[in-house]
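In: What follows is a predicted structure for the sequence shown.
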Amino acid sequence: MIRMKKMNKLLLIAISIVLLLTGCGGENNISKGDRPIIYTSIYPLYFLAYEIGKENIDLRIVVPAGSESHDYEPSIKQLKDIEKADIFIYIGAGLETWADRLLNSIISEEKALRASDLVELIQVDGAYDPHIWLDPLNMIKIGEGIKDRLILLDGKNKDDYNTNFEQLSARLKELDRSFMEGLKDKKRDTILVSHAAFAYMAKRYDFKQMSVAGISPEQEPSPKTIADIIDVAIDNDFKYIFLETLANPKTATVIAEEANLEVLILNPIEGLTEEEEKNGEDYISIMEENLVNLEKALVR
């Protein structure tokens, strides 16, 4: 709590500095270039904006590859750059602790698009789960919101935005069908995961998640919680524990060793690793890899 208050204070100071350097952030600041400047907070939104906007937009991202989105804080330079955005797209629902505080200071609220307003949120242990992109149908809804905002901002490219969105929507629907088909004959209905990021995926495809940590991977479980999870895993003959790419593997590794579990990757796709970026991976290809491992744990 003390650390969070300190970080919030530092961010407010940074915002004040940026405002002094740039003037009032609430002014209408349409980009002067040929293409609108679109800022996204994290990778899933970047993926959607890229697929819909393509070469018609100047697309940028706040949280870089390899960074954990839950505790990321933008630099003063990033704050200054975000002020130039024609549209700032972020998740909300408590994921980017810094984003809501930028509205009407760094950037006007009219230029912001909060993706969590476009879908039905799920609560986990009394808090909203922000990982809304792990249901492909939510991605379609968010993508449509992005498409509509781009058309409103840049009507001359309306046909491109509509065409690109329809093509993307078809790919996401096909991904959804693959999950439905791949997981329809489940022998198990529960997976053990390193943190509770998969409520939307679990609801859509009819399984449950048992998590080591809470919605944020920084929420460390107590020794009793770890011991209880080990007992449940042994008593219910679990074979696997799912770990994610950007999380600390320490606790999950301990549980795996004590309960004789195999570690599999279930990627919440909050961001790409540098290796994934280098290999040309994207949201759909990583979701397809997730499906392979879910089939291994739930179907085979």
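Out: Yep, it's here.

In: Following element in sequence after the helix or strand bottoming out on mean pLDDT in the chain, please.
Out: Least confident element among the helices and strands of the chain, by mean pLDDT, DSSP states H and E: helix 2-22 (a mean of 48). Once helix 2-22 ends, the next helix or strand along the chain (criterion: DSSP states H and E) is strand 37-40.

In: Kindly export that following strand (C-alpha atoms) in PDB.
Out: Extracted in PDB, the C-alpha atoms of strand 37-40 (Å, rounded to 0.1, in the frame of the first residue of the first chain):
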ATOM      1  CA  ILE A  37      -1.800   9.000 -33.800                       C
ATOM      2  CA  ILE A  38      -3.300   6.100 -31.900                       C
ATOM      3  CA  TYR A  39      -1.900   5.100 -28.500                       C
ATOM      4  CA  THR A  40      -2.800   1.700 -27.000                       C
END
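
In: Now it: average pLDDT?
Out: Averaged across strand 37-40, the pLDDT comes to 97.

In: Okay, now the sheet partners of it, with direction.
Out: strand 58-61 (parallel), strand 87-90 (parallel) (DSSP bridges).

In: Give me the contact list for the first one.
Out: Yep, that's strand 58-61 we're talking about. Applying CB atoms under 8 Å, 6 or more residues apart in numbering, the contact partners of strand 58-61 are 31, 33, 35-43, 46, 49-50, 53, 81, 85. C-beta coordinates here come from the backbone N, C-alpha and C atoms, glycine included.

In: roughly how far is that strand from the heart of the chain?
Out: Put simply, strand 58-61 sits 16 Å off its chain's centre (CA atoms, centre = their mean, to the nearest Å).

In: Please state the offset of the strand or helix carrying Leu137 from the chain centre?
Out: Secondary structure assignment for Leu137, by DSSP H and E: helix 136-153. The gap between where helix 136-153 is centred and where its chain is centred comes out at 16 Å by CA atoms, centre = their mean.

In: buried sites along it?
Out: Neighbour counts over helix 136-153 (16 or more other CB atoms under 10 Å) mark 136, 138-140, 142-147, 149-151, 153 as buried.

In: Which single one of the residues you listed is nearest to Ser285?
Out: Closest approach to Ser285 among the buried residues of helix 136-153 (CB to CB): Pro136, at 13.1 Å.

In: Name all residues that make contact with that closest one.
Out: 172-173, 175-176, 179, 204, 287.

In: let's see it at 10 Å
Out: 169, 171-179, 200-201, 204, 283-284, 287 (CB atoms under 10 Å, 6 or more residues apart in numbering).
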